[in-house]
Each structure stands twice: as structure tokens, then as C-alpha cells.
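**Student:** Here is a sequence with its predicted model. Questions after.
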Amino acid sequence: MNQIKVNLGILFVLLSISNLMNGQTTGWNNIGGNWQKNGYVDAAGPTTDSVLWETSSAGIFGAPIYIEGNYLVTMRFQSTTNAPVECFDLTTGNLLWSVDITNSTGRSLPVGLRDGRVFVMRYTESQNDSLYALNVTNGSKIWTSNVNVAAYISESGVFDSTGNFYIYGNLKTYKINPVNGQVIWFTQTVPMASGSGEMAINQQNNTGYTLEQSAGVSYVWAINLNSGLKKYRVLVPELQAGGNMPQSPLMVGNNGMIYVQLTEDNVSAISDDGTQLNLLWQTEIYGNSSFSTMCVGSDGSIYAPSNGKIIRLNPLTGRIVDSSATITQGGFFSPRISATKNNIIYATNGQNGVYAFDLSLNMLWSDVLNFTNTSGVCIAANGLAAVSGSNKIRVYTPTIKTGTSEMNHVLVRVYPNPTTSYFIMDAGNEIIGNRYALMNAKGQIIKTGLVSEQSIIQMETFAPGIYFLRINGVNQTFKMIKQ
């Protein structure tokens, strides 16, 4: 790690306003649902892999999901000329509408959702595509913008606190009126690469930040949100020989710092003191994780991809504090990372895995969903977590059902999952003393016992594979993996 001397005065100011830095609490909360684009949502997410619903939906791979209220919106890619934008009921999974805005000439790529408007781009990779707003209730067209845009397939726009919409165009970043689609201003922008053209916003100082290039060198620019004028920039150096692949967006932490991921090279932290940007620290990362997203945890830690794992960084020093187990099987590795207020970190690996970790990156649970690609785990304001993959959309719930009633608190938690030797089962008072049964993949009961406040279920003598845990009084079956 290349440590840069920290300006303590700057850090004091940043930390003093950290409690004031809150993104929007409605709308989608991954890849841009808060204006800081840091993947954090002030909601309690699922603590187990309890599935609320799963629906079959034709699509070769998963794409980013957008949620507002009871509406879930995503693109379902079947071919380059057959990729409609679709809207589902978040609670039931029922398909509400499916729209192809391109007339079979491209892909209907959603890039934002707010105040009942789905912002959809006619995506053809022409660098000159149309932007529309659709009514989230029925998919009808509200307006067509008077400018063309050029966001990449993994990117989204971002909203400020009043709902104005910012999105990348052909060498421009546009500020767009969300009511009529008209341009308010634009500023010249030269993003580093496909997948890095998104703006992140610090609403506290009315500034947007973009990751750009000049002669192939990376810079972060600060932009006045009122006027679109660029204020100042800072160089983000490479730490490793051979160059980097900056194909991931930057983000703003809840402490006001800007965090940048230069894929295959480093994560950098930058402060804005109102007169200039200051490079505070850089930490080397490894492995190609193009189109991935970082996130900020509930404690302010930075979570980023490196070498097939998720790493946890101290936000003030860049020191690597923790590391997850490897979550890639090689090849394409594009983790999209999210976080919730109940101290959980969620990630997809771009391949076939959905994961939940505690803040120290101990795995709480995992699930298999093929070809998540750039979906990520999108967290709704009520804590539901949605992921899309090949021919499926799946929603996990933080609510455990018992009998005819629903509890919003967790009755039981089973971890670590996967495991190599044992599971720990933490239980609430409501089910202590009830009987549990552990079954193999054939449904045969191989172990039973009584639930205590904390039970340890030994698995050392069992063969690797999938097992199922059932508990009397809990209307849920837990899938458990022995490695």
C-alpha cells in the first residue's frame, strides 16, 4: 500500500459532517439509488437466504435492478434486438408490464427510477441513443429527451436531492429535468473506459464527481451541480506497472470522501476541502474485476474487490482490515457490492453466486443463481433484496413467518454457510425448546435436536453437499452447504 500523508484538518471537517451525509432513502439502493452511489441503504436486509418469491423471466444474464415502492424494474436481455424493460410487483413477483422502446432495433436499458418515472435508454452502443421516461405503473411513455445519451450497459444515472437526473452522453455529462426530459446544462466529460462514466454526488457541498482521463491518465473532477462548471481536479496515479482498467464507477462515502477503484491497480481516497481535491491514500488491488461496484458498510468501512475476494478497507487510512473467502471460480469476476444498516454486506460475483457477509467478511449465507452478470443485490427500502440472473429473478426477505403471524425480527440465524465442519444456530425466545431436523439432499433426516439460544450442529462426519434444516414453529427451510 502506498500511504499518502493525511491532512488532519480536512479529515476533522469530513468526520464532523459524516452524520449529515445521507442519500435518498427511497428508490433503488444499489448502483446509484442514493446520490453518493455507494451501495448503502438505511434498511435491515435479509439475514438468511429466505426467498420471498422467484419468477421465471426469459433472459440470458442478469442486469441491474431498480426498485421504488412496490415496483421492481430491470432489463431482460435475450438478444441485441430483443431486450425489453420489464416491471414486476415487488411483493408478489407478478409481471406488471414489458416494453420494447426500440421497436426491435436495440435494447431497452433502464438507467434510473424515481418519483414514478422509469428512465430508459435505447441502447445500441452507437454513443448516440435516445432517453425516455416511462410511467412505472403501466410502462406508457411520458417524454422523450431532447438529447441523446451514451451510458454503458452496466451504468446508471444518478439523482440529486430535488430529483434532477444526471447521465453520461457522448463526451458530455447532462443534467436533465425529470419532469420533461429537457437539458438543464451539460459539461464536457471524457470517461476512463466503458463502465466508469457515472457521476457520484456529495449533496452537502453541491458537487458531483466524475472519473475522467487526459492522455490516458486518470483524474477525478469536481463539478458544480448548479452550473455544470468544472471546479478542479486531482490525478489518481497508477501503482502497478502495465496500466489499469478503470471500468468501475467512483463513489462518495458517508464521511464525504471520494473513493475511486482503478481495476487491477488500486483503490484511492480523495477529499474535497472546497478549494481543491486532495489524494489521501491508495491501496493496491489485484485481478480483473471490470464493471464491479464498491460499497460503504454501516460502520463506514470500504468494501472492494481484489484477487477474487472482497476486501474491507479502513476509510481513513486504506489499510486492509479483513478479507472474504474467494468467491470466484475464475474467469469473469464482476462483484456488485451493497450494504445495509443491520451490518450486512451483499455481493454477487458476476458468475453464479449471491453472498451475504458480516462486516468482518465472514460469510453468513450464499445462494446459487446463474449468470448474475451485473445485477448486484438491490436492496429495497423495506429490506427486500432482489437479484436477477439467467431466466430468473429472485427476491429474498428479512421477514420470517411463524404460523399465521409475521415477525420483522430474526427468529433464527444459521452460520457460517457454507461450512467445512459445523453450523451455529442462534435462536430467538419464541422457538427455544422446539425440535429441529437436519436432512440430506434426498430429504432423509440425519440429525435431530432441540433448539437452544445457541446450538452447534456438527457436520464433520457428513459428506460435502447440500443439506436442509427445518425447525418446528418456523415456516422456512434453511439450505446449508457443507464443503
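**Tutor:** Structure received. Residues are numbered from 1 along each chain as shown.
**Student:** Okay, domains of the protein per the record?
**Tutor:** The chain breaks down into these domains under automatic domain parsing: 2-398, 411-482.
**Student:** And the longest one, how far out from the chain middle?
**Tutor:** The gap between where domain 2-398 is centred and where its chain is centred comes out at 6 Å by CA atoms, centre = their mean, to the nearest Å.
**Student:** Across the sheet, point out what pairs with the closest residue to residue 392 other than its chain neighbours.
**Tutor:** Counting by CB to CB, 6 or more residues apart in numbering, residue 392 lies nearest to residue 54, which is 6.0 Å off, once chain neighbours are set aside. Glycine gets a C-beta too; all of them are placed from N, C-alpha and C. Note on residue 54: beta-bridge partners by DSSP bridges are residue 394.
**Student:** can you redo the domains of the chain as CSV with mean pLDDT?
**Tutor:** Output for these, formatted as CSV (pLDDT from 0 to 100):
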stretch, mean pLDDT
domain 2-398, 89
domain 411-482, 83
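**Student:** now the end-to-end length of stretch 343-353.
**Tutor:** Taking CA to CA, to the nearest Å as the measure, stretch 343-353 stretches 20 Å from start to finish.
**Student:** Can you mark which positions in it are buried?
**Tutor:** Residues of stretch 343-353 classed as buried: 343-351, 353 (neighbour count, 16 or more other CB atoms under 10 Å).
**Student:** Out of the residues you listed, which two sit at the greatest distance?
**Tutor:** 343 and 351 (25.7 Å; CB to CB).
**Student:** in the sheet, who's paired with residue 234?
**Tutor:** Applying DSSP bridges, one finds that residue 234 bridges with residue 220.
**Student:** What strand or helix carries residue 342?
**Tutor:** Secondary structure from DSSP states H and E places residue 342 outside every helix and strand.
**Student:** which residues sit in contact with it?
**Tutor:** Counting by CB atoms under 8 Å, 6 or more residues apart in numbering, residue 342 makes contact with 44-45, 47, 298, 398.
**Student:** let's go with 7 Å and repeat that
**Tutor:** 44-45 (CB atoms under 7 Å, 6 or more residues apart in numbering).
**Student:** Quickly note the distance from it to residue 350.
**Tutor:** Separation of residue 342 from residue 350 (CB to CB, to the nearest Å): 25 Å.
**Student:** Tell me the buried residues in the strand or helix carrying residue 424?
**Tutor:** Assigning secondary structure by DSSP H and E places residue 424 in strand 422-427. Neighbour-count burial for strand 422-427, counted by 16+ other CB under 10 Å, picks out 423, 425-427.
**Student:** what helices or strands is that strand leaning on?
**Tutor:** Under the contact criterion of 3 or more CB pairs under 7 Å, 6 or more residues apart in numbering; DSSP states H and E, strand 422-427 touches strand 412-415, strand 454-458.
**Student:** Out of the buried residues of stretch 343-353, which is nearest to residue 472?
**Tutor:** For the buried residues of stretch 343-353, the nearest to residue 472 is residue 344 (26.6 Å; CB to CB).
**Student:** what's near enough to touch that closest one?
**Tutor:** Listed by CB under 7 Å, 6+ apart, the contact partners of residue 344 are 45, 47, 356, 358, 364.
**Student:** returning to that earlier point: go through the helices and strands packed on strand 422-427 and pick out the most buried.
**Tutor:** Using mean count of other CB atoms under 10 Å, the stretch among the helices and strands packed on strand 422-427 with the largest mean neighbour count is strand 412-415, at a mean of 21.
**Student:** Using CSV, write out every CA atom in it.
**Tutor:** What follows is strand 412-415, C-alpha atoms only, in CSV (Å, rounded to 0.1, in the frame of the first residue of the first chain):
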residue,chain,number,x,y,z
VAL,A,412,-33.1,-17.8,13.9
ARG,A,413,-29.8,-17.3,12.2
VAL,A,414,-27.6,-20.1,10.9
TYR,A,415,-23.9,-19.5,10.1
